[in-house]
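# what follows is a protein structure lacking sequence information:
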């Protein structure tokens, strides 16, 4: 397997961030959320939407899929 310098850098940053917060995921998330609140950019949230299927699943189509 070849070494990817971008992935190596990401792993290094992740390790530094985790060590900074004593490997506490909740503390990391709280810090990220606090940083987001400080920024003057709007936070965009999208409503989830369902993807409609063309035909409803029946016993016959479920058996064919299996």
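Arrived safely, thanks for sending. Everything quoted here is computed from the prediction, not taken from an experiment.
# for the rest of this, base every contact and every neighbour count on C-alpha atoms.
Noted.
# which helices and strands sit right next to the host helix or strand of residue 12?
Using DSSP states H and E, residue 12 sits within helix 5-20. Under the contact definition 3 or more CA pairs under 8 Å, 6 or more residues apart in numbering; DSSP states H and E, helix 5-20 sits against helix 25-38.
# now the helix it packs on against helix 5-20, angle please.
100 degrees (axes from the mean of the first three to the mean of the last three CA atoms, to 10 degrees).
# need the contact partners of helix 25-38.
Helix 25-38 has contacts (CA atoms under 8 Å, 6 or more residues apart in numbering) with 17, 18, 21.
# go through those residues and say which is closest to residue 4.
Of all the contacts of helix 25-38, residue 17 has the smallest distance to residue 4: 20.1 Å, by CA to CA.
# distance check, that closest one against residue 5.
Distance, residue 17 to residue 5, by CA to CA, to the nearest Å: 18 Å.
# with neighbour numbers in mind, choose between those two.
The neighbour comparison of residue 17 against residue 5 (other CA atoms under 10 Å) goes to residue 17, with 14 against 9.
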